[in-house]
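**Student:** no sequence on this one, just coordinates:
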DNA sequence: TTTTTATTGTAGCGATCGCTACAAAGGCAT
DNA sequence: ATGCCTTTGTAGCGATCGCTACAATAAAAA
């Protein structure tokens, strides 16, 4: 009875690690089965098809990331420059870098038209903006715009400096300064 | 003699359009041959292998984009907020959107470890920063950092709002305001 | 025990991938 | 005409893709 569900959850855990390490490019069923210590046949027994498998693993990863970010940021409001600095340090850390890279993968596939990933990405994206907006100590009408700016600035470093995200330090530092000047 | 080279150039032109429209995901030799009005066999006659083909097409696209941007921006220095506004309008236009999307594709593959694309992307990226830095009317030591911030902010919108880049309007507007406050 | 149901292995389908072997066809100079 | 070099078509290799048919086993229910 429950055996199937248990194993399914284990598989999701193992594949989450693999997805974070290698992105969405290496997702052949036989390869994933190897990683999960299973067989392609069994993966299609636990999941209806490959799309459902991918969606489940991504949902699991997104959940973990949300939890980690909540722990990192707490719930008390913060100024844009401190939020940006904290987020940037996280983005450069070994713990979060894989998440960022995977996020870039997802967004790219979504931009290319994959309807499944498009829906997933939009939902996650909106969730992050909302979450950060609630954390920002700025006037209400600007909250979401500032949140989007911060997230985009960090994501953009990954696009601009692939494989060496730390090179974005100077750009982020500029934005921090701009935020500090902001109160006029 | 020259027949091979002529046809090769034609093929590059045709494939550039296709790459811009569909990204790097649809690059089967047989499919590309169809698009170019040729055959897979002939593509491998014009090019040594698929990698060389892709590199040639990408170089062609990059060249065209550089020319277009130079025409759009001219050579007289501009303030960060006007450059950002101009670049953002361009990014949203139908003419440039495909270039942005393709750029995201490239960067994603580079981040995933593809060594060929990593070299290409880093070179192009560095070129853009340099180009924009020379265009920016800001003190020398900050030029490259501001350039990287602007480029990253625009790229980031694509990551954050796949398929509906215009939703980044508010975030870009925030950055424009920050730039305007900048002189203190 | 029998009978059903849940779990897993083996084999393979049809499609696509980059690439190659082989040879036919065309233009060229001699 | 002959031979040569460039250009192109046909066919296919071996690998991988998502997925399925079929059957064997194990566990649970009767």
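**Tutor:** Sure thing, it's come through. These numbers come from a predicted model, not from an experiment.
**Student:** So which elements touch the helix ranked longest in chain A?
**Tutor:** In chain A, with assignment by DSSP state H, the single longest helix is helix A:50-73. Contacts of helix A:50-73 with other secondary structure elements, assessed using 3 or more C-beta pairs under 8 Å, 6 or more residues apart in numbering or on different chains; DSSP states H and E, are made with helix A:2-22, helix A:40-46, helix A:80-92, helix A:97-112, helix A:115-135. Yep, even glycine has a C-beta here, placed from its N, CA and C like the rest.
**Student:** how about stretch A:103-117: buried residues?
**Tutor:** Of all the residues in stretch A:103-117, those buried under the rule 16 or more other C-beta atoms under 10 Å in any protein chain shown are A:103-112, A:114, A:117.
**Student:** same for chain B: which of these are within range?
**Tutor:** Near chain B, judged by C-beta under 8 Å from any C-beta of the partner chain, the entries from the buried residues of stretch A:103-117 are A:103-105, A:107-108, A:110-112.
**Student:** Relative to DNA strand C, which of these is nearest.
**Tutor:** The shortest distance between DNA strand C and any of these, using C-beta to the nearest atom of the strand, involves residue A:112 and amounts to 14.7 Å.
**Student:** mind checking pLDDT for the residue nearest to the closest one when sequence neighbours are not counted?
**Tutor:** With C-beta to C-beta, 6 or more residues apart in numbering or on different chains as the criterion, residue A:112 has its nearest non-adjacent residue at 4.8 Å, and that residue is residue B:23. Reading off the per-residue confidence, residue B:23 sits at a pLDDT of 94.
**Student:** still on that earlier bit, lowest-confidence one in the buried residues of stretch A:103-117?
**Tutor:** Ranked by pLDDT, the buried residues of stretch A:103-117 bottom out at residue A:114, which has 85.
**Student:** Could you report the neighbour count for residue A:32?
**Tutor:** A total of 22 residues lie near residue A:32 under the criterion other C-beta atoms under 10 Å in any protein chain shown.
**Student:** Might you report the residue contacts of it?
**Tutor:** For residue A:32, the residues meeting the contact criterion (C-beta atoms under 8 Å, 6 or more residues apart in numbering or on different chains) are A:15, A:18, A:40, A:43, A:53.
**Student:** The third one and residue A:155: what is the separation?
**Tutor:** What that stands for is residue A:40. Using C-beta to C-beta, to the nearest Å, one gets 34 Å for the distance from residue A:40 to residue A:155.
**Student:** so residue A:103 touches residue B:160, yeah?
**Tutor:** No - between residue A:103 and residue B:160 there is no contact, the gap being 9.7 Å when judged by C-beta atoms under 8 Å.
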